[in-house]
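A.B. asks: Following is a predicted model, sequence given first.
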Amino acid sequence: GQQVMQIPQYQHVQEGEDFTTYCNSSTTLSNIQWYKQRPGGHPVFLIQLVKSGEVKKQKRLTFQFGEAKKNSSLHITATQTTDVGTYFCAGPTGGGNKLTFGTGTQLKVEL
Amino acid sequence: GAGVSQSPRYKVAKRGQDVALRCDPISGHVSLFWYQQALGQGPEFLTYFQNEAQLDKSGLPSDRFFAERPEGSVSTLKIQRTQQEDSAVYLCASSKSRGGDSYNEQFFGPGTRLTVL
């Protein structure tokens, strides 16, 4: 079945440093979504990318969708303590009726 | 107004007991999903409803798991004869879309943490 892997699994950074998580799918995706889950919380939608090579920005967050639509990345510039959480990418499978979530990257930000 | 709500938030069951988990999706959302999230893992798909129709139940781990959405709004996930390996957070999500390439964001509820002793 489809697999969606993310690296790294964990990342500790000092506040103000940059952070990047990479997402790789074993199959081509029609679109990719990113979610953030705070400790003890539930996944919250961040963004959806649809087009090959698409780049979207949300303040300090930059999202990219690869040309082959099999990989994606999330880059955070100048991390803050509010960025703490686990970031998941997710792609639709089974005809688009369900999301396959990546393995997640847990981000910790230290002062 | 609400977002997706789930109840109970926490459930402790003895092995062999039946449990029922409830999900109230956002009003008007066509699609409803159930996921299972083990500690330190990403959500794993269980089942999907479009209105009252259960279109995909490929993720249900065994025939002890059963889900319904009889009127196309509230949904219940039932687990019969619970086992320790069923311990996890059960997340419900709803979406405006009907799936396919017009996939839209999913709105997740707070989850039900199930502990089976």
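C.D. replies: That came through fine.
A.B. asks: Residue numbers of chain A in contact with chain B?
C.D. replies: A:30-31, A:33, A:41-45, A:48, A:88, A:90, A:92, A:94-104 (CB under 8 Å from any CB of the partner chain). C-betas here are computed from N, CA, C, even on glycine.
A.B. asks: Tell me which of those residues fall in strands.
C.D. replies: If you go by DSSP state E, the residues of chain A next to chain B have A:33, A:44-45, A:48, A:88, A:90, A:92, A:98-101 in strands.
A.B. asks: so what's residue 29 up against?
C.D. replies: All of this is about chain A. Taking CB atoms under 8 Å, 6 or more residues apart in numbering or on different chains, we find A:Leu29 in contact with A:69-70, A:91-92.
A.B. asks: Correction: the question concerned chain B.
C.D. replies: B:94-96, B:107.
A.B. asks: rerun at 6 Å
C.D. replies: With CB atoms under 6 Å, 6 or more residues apart in numbering or on different chains as the criterion, the residues that contact B:His29 are B:94-96.
A.B. asks: Same question for A:Lys98.
C.D. replies: Under the criterion of CB under 6 Å, 6+ apart, the neighbours of A:Lys98 are B:45, B:48.
A.B. asks: what's the distance between it and A:Phe45?
C.D. replies: Relative to A:Phe45, A:Lys98 is positioned 15 Å away (CB to CB, to the nearest Å).
A.B. asks: again, but for B:Gly3
C.D. replies: If you measure B:Gly3 against A:Phe45 using CB to CB, the figure is 12 Å.
A.B. asks: Pull the distance from stretch B:17-35 to the chain's centre.
C.D. replies: Distance of stretch B:17-35 from the chain centroid (CA atoms, centre = their mean, to the nearest Å) equals 5 Å.
A.B. asks: which stretches of the chain have low pLDDT?
C.D. replies: Picking chain A for this. A:95-97 (pLDDT under 70).
A.B. asks: To clarify, I was referring to chain B.
C.D. replies: Filtered on pLDDT under 70, chain B yields the residue ranges B:1, B:98-103.
A.B. asks: if we can go back for a sec, for B:Gly3 and A:Phe45, indicate the residue with more neighbours.
C.D. replies: Between B:Gly3 and A:Phe45, A:Phe45 has the larger neighbour count (other CB atoms under 10 Å in any protein chain shown), namely 17 against 13.
A.B. asks: Quick one: residues contacting that one.
C.D. replies: For A:Phe45, the residues meeting the contact criterion (CB under 6 Å, 6+ apart) are A:35, B:105.
A.B. asks: Return the set of residues that bridge with it.
C.D. replies: The partner list for A:Phe45 in beta bridges (DSSP bridges) reads A:Tyr35.
A.B. asks: so how far is A:Glu15 from it?
C.D. replies: Relative to A:Glu15, A:Phe45 is positioned 25 Å away (criterion: CB to CB).
A.B. asks: start to end distance for stretch B:84-97?
C.D. replies: One end of stretch B:84-97 sits 35 Å from the other (CA to CA, to the nearest Å).
A.B. asks: since we're on the closest residue to B:Asp18 other than its chain neighbours, how many residues are nearby?
C.D. replies: Leaving aside its sequence neighbours, B:Asp18 sits nearest to B:Gln80 (CB to CB, 6 or more residues apart in numbering or on different chains; 4.9 Å). The local packing count at B:Gln80 equals 14, with neighbours defined by other CB under 10 Å.
A.B. asks: again, but for B:Ala2
C.D. replies: A count of neighbours around B:Ala2, defined by other CB under 10 Å, yields 8.
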